[in-house]
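Q: heads up, no residue letters with this:
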């Protein structure tokens, strides 16, 4: 893995957990290192590249070619693009395809795509012959900043998002910011929502950097992308290193997500992950302000910072469905939804635990005000 | 977990791996400790008991009752008995049932049954909300001696056995030899095949103890069961502790299994696991003798020791199908099947690696002699 030091534009963040330590390479041209990194991750030469029907021709084909040129035996395995296909059926179909293709225990899986692909392809790797090494090549800002880092893999079920899955640390994550040039603006904004979240829970300075840089990035000025991705990944790596399995501190990464997941599910995924988490962050800030945990004005700062992202409005959400999904969210303990709250921008409220119980009537009131 | 010290008939084997350490409690009456052990494995009070349609009324119902009497909220979730149901569909159905029942992240899974149940229920636990703690209560000799110990979970696919799964260490394994009284003789014999295997790879003395005790156990004299289960588990624990993820030494536990799995699959599971592994061990001993790795007479000693078990004959196997399944076995590396071979009874051949390449013509010749 010397390639990263050859290209001065590529910076490295080390993610260390009890079970594994792996690099996230961030920068323009980082994907050139894929063949070297895959070669270092496997004793064999067999590589199964997993991608979706959109990204396959944009990026995965050329990565397969580079792997083959590097002496590997690489095959491409695709599934239909979209969150609706992040389900057990796609996982089973991809698994059977790999089995039919003779992919063995000494193979390596490479995912090329957005968060759906890194989650689904990561789950295929986690459960194929009880676990193959996986290298993620995220192609969306969301996957670079969030989904590909941290070892979470999984699929959705009718009961909600990510309810089935496994922790399976990647051997490496390669975040090539050049690949973002093909990303539609609306998807780009999704990643910036998570970047703002990382700022909101750990760093006011990062929050402001994302807020100030967002408009330029969305308008095609890619210069700031690498530093925003790098700094966001570093925050996530710090939190994950402190708590691999989400029993404590890691939970703060779920800020905005308890309500966000419920909104996504209740909309049958018509509301995208980024837009849903954006609403979730603002509303969870309001919850915190109502019960005196979060500083006044926090929800307003979040709203202002999210404005340049031009996220689609979440019209027509059914309040009762959102509340019903809240109760099956996987963060439910003892039948009650629990929320990560901020103390202020830059600091999650962690005194007395990371997840907070909020009275039902407060949740209902805040949701009624926002959704009706 | 003080119960085990209260009952002098219950002995404890500690299984230590890099990621986890857990006890296997072995002996008559060990299941009395289930409520205490489950209470120690979870911060909540919710327990999902997984069992099959045969074992539910025999043993799982009473374990649910004991858990409820111990203050837990326990529900029973069953699937149709048999290896044919150790598939992704059963896993998805059980998962959905748990989701519908509101089983949350702080719950514990308890499996009650044979190896199919501990494998399938273990995989449900491994992948439910990215992992719930699991306690195995094996009710067959095979599951006590082999399946429940070691952290392997998984399901079969059309391409072969256990090709999808995860490593997920249990919090405890409770091997109550009293539960074996309901086990049909043919199933009891399956476990003794694995006990003989443990002797074959690590201890001539254990091999002889199992051989000498087998007839009595099968005829209903249960006195020797606890010591055979205990000593077998200790051998497996030693091997697993040395190599958690099957990259090296642990592979010797697969003695008899490369051919055994191929025979099971090629028979569409008409040949049971124990009978298939029994044939696999004898034939793999012959392979070893042919290529000069295994001492002459080893296959003969295996055949003699297996005789009292009255295993069903494996009639009508299609040689070409067995060979085809060999090539998709998960132990295939670089497209070639690899075999664990013995040096002699009591010692696997581990010089130059645990898995051996055997020339195709030798495999074919030995199979032709045995199956035609």
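A: Perfect, I can see it now. In this text the structure is predicted, and so the values were computed from the model without any measurement.

Q: hang on, residue A:25 in a strand?
A: Yes - assessed with DSSP: H, G, I helix; E, B strand; the rest coil, residue A:25 lies in a strand.

Q: Quick check: phi and psi at residue A:163.
A: phi -80, psi -20 (degrees, to the nearest 10).

Q: just residue A:87 next, same as before
A: According to degrees, to the nearest 10, residue A:87 has phi -140, psi 170.

Q: Leaving out sequence neighbours, find the closest residue to it.
A: residue A:155 (5.4 Å; C-beta to C-beta, 6 or more residues apart in numbering or on different chains). Bear in mind the C-beta positions are built from the backbone N, C-alpha and C, glycine included.

Q: hang on, the one you found packs against residue A:164?
A: Yes - counting by C-beta atoms under 8 Å, residue A:155 does reach residue A:164; the two are 5.3 Å apart.

Q: Please identify which of those two sits among more neighbours.
A: Applying other C-beta atoms under 10 Å in any protein chain shown to residue A:155 and residue A:164 shows that residue A:164 carries more neighbours, namely 27 against 23.

Q: Could you report the pLDDT at the more buried one?
A: Note on residue A:164: pLDDT of 97.

Q: Can I take it that it is in a strand?
A: Yes - the assignment for residue A:164 is a strand, going by three-state DSSP.

Q: My guess is it contacts residue A:153. True?
A: No - look at residue A:164 against residue A:153 with C-beta under 8 Å: they stay out of range, at 9.8 Å.

Q: Now whichever residue of the stretch 101-250 of chain A sits closest to chain B, what are its backbone angles?
A: The stretch 101-250 of chain A approaches chain B most closely through residue A:159 (4.1 Å), counting by C-beta to the nearest C-beta. When read as degrees, to the nearest 10, the backbone of residue A:159 gives phi -80, psi -10.

Q: you'd agree it is up against residue B:100?
A: Yes - the criterion here is C-beta under 8 Å, and residue A:159 meets it with residue B:100 at 7.1 Å.

Q: who has more neighbours, these two?
A: Legend: neighbour count by other C-beta under 10 Å for residue A:159 and residue B:100, higher for residue A:159 (18 against 11).

Q: who touches both of residue A:155 and residue A:164?
A: A:88, A:123 (C-beta atoms under 8 Å, 6 or more residues apart in numbering or on different chains).

Q: and the gap between the closest residue to residue A:185 other than its chain neighbours and residue B:56?
A: Distance criterion C-beta to C-beta, 6+ apart; nearest residue to residue A:185, sequence neighbours excluded, is residue A:218 at 5.4 Å. For residue A:218, the distance to residue B:56 equals 57 Å [C-beta to C-beta, to the nearest Å].

Q: Next: residue A:106.
A: 40 Å.

Q: who has more neighbours, those two?
A: residue B:56 (21 against 16).

Q: ok, how many other residues are close to the nearest residue to residue A:58 once chain neighbours are set aside?
A: In this structure, residue A:58 finds its nearest non-sequential neighbour in residue A:182, 5.1 Å apart by C-beta to C-beta, 6+ apart. Using other C-beta under 10 Å, residue A:182 has 13 other residues around it.
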